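Student: Just the structure for this:
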Amino acid sequence: MEKTIPPVDHDLLTFAVNIAKEAGELTLTYFKDTDLVVEGKGDGTPVTEADRGAERLMRTRIHESFPNDTIKGEEESDLIGTSERSWVLDPIDGTMSFIHGVPLYGNLISMEDEYGPAIGVINIPALGECVFAGRGQGCYFNDELTRVSESTTLDGSCIVTSGVDYWPSTDILNRFVQNGAVIRTWGDAYGYVLVATGRADAMIDPIVNHWDVAPMLTIFPEAGGTFSDFSGAFTATGGNALATNPNLYTPIISMLNS
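Tutor: Here you go, the predicted model:
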């Protein structure tokens, strides 16, 4: 007998949205600050006091409310809990955008429970845009239900990506262009916001970490979309990611693997 998978508790979804927005407000106090200190991490990526402060805030809020939950994030060590809930945090997705005063960075939160992906939040504080979804609750853009586009052909479709320099080869990129796709680099978390709200047709992300895309495991199923790594696996740990509407999924993933 199959286990029935229940919707996530709406109060938990509201909690996640609220702390993502609170973290966003904190980052805005540093945004475009000419005295912002930027440091390099061991992997060569930048980090700021805004990244660390936002993650610390979200961790504190979660631990205060749910002290037995596991919490994982980009900037601090994992806190392993005893409950079946696990939160994944990306305090600033798009730190390079943040550093350069570009308002397309996001605060990301996801949660999985004993049934699998349960909550996904992408908050874009500098634009006042928030996409969030709860399992069985639908996907929302601010306060309105939202869905992916209905485009059926690559010709004329809008494909976003974090940067063409990340693509495995120019041949694959050129193949999309030759099929009529329009490529734009509105990337990082904001690319997924555009796809989830039907303003772009696909997000192709050749290099990602778990925390970059964990929210998409809930957001895209609830928005009527499709999410996977380039192998076709429904995972946030594959090292790359594709989010699109169901009509374009097969042609896009076939071209990525051709």
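
Student: my guess is G81 meets R59, correct?
Tutor: No - if you go by CB atoms under 8 Å, G81 and R59 don't touch, sitting 11.8 Å apart. All C-beta atoms are positioned from the backbone trio N, CA, C, and that covers glycine.

Student: shared neighbours of these two, anything?
Tutor: Common neighbours of G81 and R59, using CB atoms under 8 Å, 6 or more residues apart in numbering, are I71.

Student: Settle it for me: which of these two has more neighbours?
Tutor: Between G81 and R59, counted using other CB atoms under 10 Å, R59 has the larger neighbour count: 20 against 17.

Student: which residues does that one contact?
Tutor: I71, G73, E76, L79, L89.

Student: State which helix of this structure is the longest.
Tutor: For the chain, the longest helix by residue count, based on DSSP state H, is helix 10-28.

Student: Now do that one, average pLDDT.
Tutor: Average pLDDT, helix 10-28: 98.

Student: circling back to that earlier point, closest one of the contacts of R59 to L26?
Tutor: L89 (13.1 Å; CB to CB).

Student: After the helix or strand that closest one falls within, which helix or strand is next?
Tutor: Here L89, judged by DSSP states H and E, is contained in strand 86-93. Next in sequence after strand 86-93, counting helices and strands by DSSP H and E, comes helix 95-99.

Student: helices and strands around that next one, which ones?
Tutor: strand 46-48 (3 or more CB pairs under 8 Å, 6 or more residues apart in numbering; DSSP states H and E).

Student: Would you mind pulling the contact partners of the strand it packs on?
Tutor: Outside strand 46-48, the residues that touch it by CB under 8 Å, 6+ apart are 30, 36-41, 75, 92, 95-96, 98-99.

Student: what separates the residue most central in space within the chain from D188, distance-wise?
Tutor: Centroid-nearest residue in the chain, with CA atoms, centre = their mean: V213, separated by 4.2 Å. According to CB to CB, to the nearest Å, V213 and D188 sit 10 Å apart.

Student: now swap in G156 and tell me
Tutor: For G156, the distance to D188 - CB to CB - is 24 Å.

Student: doesn't R175 fall inside a strand?
Tutor: No - R175 is assigned helix when assessed by DSSP: H, G, I helix; E, B strand; the rest coil, not a strand.

Student: Could you verify my assumption that it touches S258?
Tutor: Yes - the criterion here is CB under 8 Å, and R175 meets it with S258 at 7.4 Å.

Student: who touches D155 in this structure?
Tutor: N179, G180, A181.

Student: let's go with 6 Å and repeat that
Tutor: G180 (CB atoms under 6 Å, 6 or more residues apart in numbering).

Student: Next: A223.
Tutor: C139, R147, V148, A196.

Student: how about 10 Å then?
Tutor: Listed by CB atoms under 10 Å, 6 or more residues apart in numbering, the contact partners of A223 are 120, 131, 133, 138-141, 145-148, 192, 195-198, 216, 243, 245.

Student: what about this structure, any weak spots by pLDDT?
Tutor: The chain contains residues with pLDDT under 70 at 1-2.

Student: Can you show me the helices along it?
Tutor: Using DSSP H, helices in the chain cover 10-28, 49-65, 95-99, 170-178, 189-196, 210-213, 216-222, 246-256.

Student: Out of those helices, which is closest to G163?
Tutor: Per CB to CB, nearest to G163 of the helices of the chain: helix 95-99, 9.5 Å.

Student: neighbour-wise, which of R175 and S258 wins?
Tutor: More neighbours surround R175 than the other of R175 and S258, with 15 against 8 (other CB under 10 Å).
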